[in-house]
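[1] Sharing a model prediction with you, sequence too.
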Amino acid sequence: MEKRAAFADREGRIPCPGTSAPRPFFYNCQDFIARIMHAPRTPTMIEPDLLMLAYRSGIFPMADSRDDPEIYWIEPRLRAILPLGGFHLSHSLARTLRRGRFSVTCNAAFSDVMEACAAPRHIRPGSDDEGGSWISHRIQASYENLHHLGHAHSIEVWQQDGNGAPLLVGGLYGVGFDRVFCGESMFSRATDSSKVALAYLVAALRLAGARLLDCQFMTPHLASLGAIEMPQKRYLALLQQAQSSEGASGLATGAGAAEGLAVGDGAAEGGAPALPDAFAALLAEAAAAGSASSPGKVIAQLLTQTS
């Protein structure tokens, strides 16, 4: 989910319409190339149907900095995914989940999660990383709009501050469609908080019938949680399968997304629940178990079955 330079050619990117930078090498996205060459250039956000076409084509946007007005379309040679049956639940993470150190929500603070993901990162001495953000203001506006339309979702991890008020300490966000979820970015301000967010996401995606969790670029953090890397050609085949699966309409929900609700307005067509509904079902299962259980215990038990 974290973005790094891993582009298809020397430049490895294509700006939105209106500039003349060279195109990268694309594998199988002629429709997207034709569309972007004729799309209107807007200064504030990417139009939603163009953004969704990009994801369906295996492409995603980035910027060079927080204030960069340009959008670059990326298709890596190597793609990271996290097999939903292969999430690595360590003993320490399972213990954290069972103890209920954090409370976790879905779609309760999408904009706050994006702001946290876009914040400058702490850079280790000697690193070549400049600590900047690929999430420009324009990209943030585009995903917030996509969230209001029900196609982008967030997982928030909370901890009580000294006064007992909820404090956002971790989370992630991404784009959901058909039986695919594309993780965009995550952040952590407390030990294990981003891991907890990902654990809840994986459990909800499994319940929602998802087939593919795209992590985009491999990182040591994702590898430790079970992510694997593959050529883009193989990724595109999996992407196509997930889009053509029976009832493949379940990970987006329109109603409720803009309200900050944990639950959408019912399951999507084809019988598969939308991601917020699947998340709510996990919480309901814990509540039905009474005081002897908790959402974290339910998540840990579910993930232990295949980890």
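    Arrived safely.
[2] So residue 297 versus residue 277, what's the distance?
    Residue 297 is 21 Å from residue 277, where distance means C-beta to C-beta, to the nearest Å. C-betas here are computed from N, CA, C, even on glycine.
[3] Who has more neighbours out of those two?
    More crowded of residue 297 and residue 277, by other C-beta atoms under 10 Å: residue 277, with 23 against 17.
[4] For the host helix or strand of that one, C-alpha coordinates in CSV please.
    In the assignment (DSSP states H and E), residue 277 maps to helix 275-288. Output in CSV follows, covering the C-alpha atoms of helix 275-288 (Å, rounded to 0.1, in the frame of the first residue of the first chain):
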residue,chain,number,x,y,z
LEU,A,275,-17.5,-4.0,2.9
PRO,A,276,-19.1,-1.8,5.5
ASP,A,277,-21.9,-4.3,6.0
ALA,A,278,-19.4,-7.2,6.3
PHE,A,279,-17.5,-5.1,8.9
ALA,A,280,-20.7,-4.5,10.8
ALA,A,281,-21.5,-8.2,10.7
LEU,A,282,-18.2,-9.0,12.4
LEU,A,283,-19.1,-6.5,15.2
ALA,A,284,-22.5,-8.0,15.5
GLU,A,285,-21.1,-11.5,15.9
ALA,A,286,-18.9,-10.3,18.8
ALA,A,287,-21.9,-8.6,20.4
ALA,A,288,-24.0,-11.7,20.1
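[5] From the contact counts, what lies against it?
    In terms of contacts (3 or more C-beta pairs under 8 Å, 6 or more residues apart in numbering; DSSP states H and E), helix 275-288 is packed against strand 103-106, strand 152-160, helix 193-207, helix 295-304.
[6] Run the angle between that helix and strand 152-160 for me.
    40 degrees (axes from the mean of the first three to the mean of the last three C-alpha atoms, to 10 degrees).
[7] Could you pull out the helices in the stretch 51-200 of the chain for me?
    91-99, 110-118, 137-148, 193-207 (DSSP state H, counting those that start in this stretch).
[8] With distance to residue 91 and mean pLDDT as extra columns, can I get the helices and strands packed on helix 275-288 in CSV?
    Formatted as CSV, the helices and strands packed on helix 275-288 follow (distance: least, C-beta to C-beta, whole Å; pLDDT from 0 to 100):
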stretch, distance to residue 91, mean pLDDT
strand 103-106, 20, 97
strand 152-160, 20, 97
helix 193-207, 13, 97
helix 295-304, 10, 91
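[9] Give the helix, strand or coil label for residue 226.
    Here residue 226 takes the coil state, with states given by DSSP: H, G, I helix; E, B strand; the rest coil.
[10] In this model residue 82 seems to touch it, though I could be wrong.
    Yes: the criterion here is C-beta atoms under 8 Å, and residue 226 meets it with residue 82 at 5.7 Å.
[11] of those two, who's got more company?
    Set residue 226 next to residue 82 and count neighbours by other C-beta under 10 Å: residue 82 wins out with 25 against 19.
[12] How much space separates the more buried one from residue 104?
    For residue 82, the distance to residue 104 - C-beta to C-beta - is 18 Å.
[13] Check residue 62 too.
    Counting by C-beta to C-beta, the gap from residue 62 to residue 104 is 28 Å.
[14] Among those two, which residue is more densely surrounded?
    For residue 62 and residue 104, the more surrounded residue by other C-beta under 10 Å is residue 104, and the numbers stand at 27 against 21.
[15] I'd assumed residue 156 was in contact with the more buried one.
    Yes: between residue 104 and residue 156 a contact is recorded at 6.8 Å, counting by C-beta under 8 Å.
[16] mind listing what residue 119 touches?
    Contacts for residue 119 were tallied using C-beta atoms under 8 Å, 6 or more residues apart in numbering; they are 133, 187.
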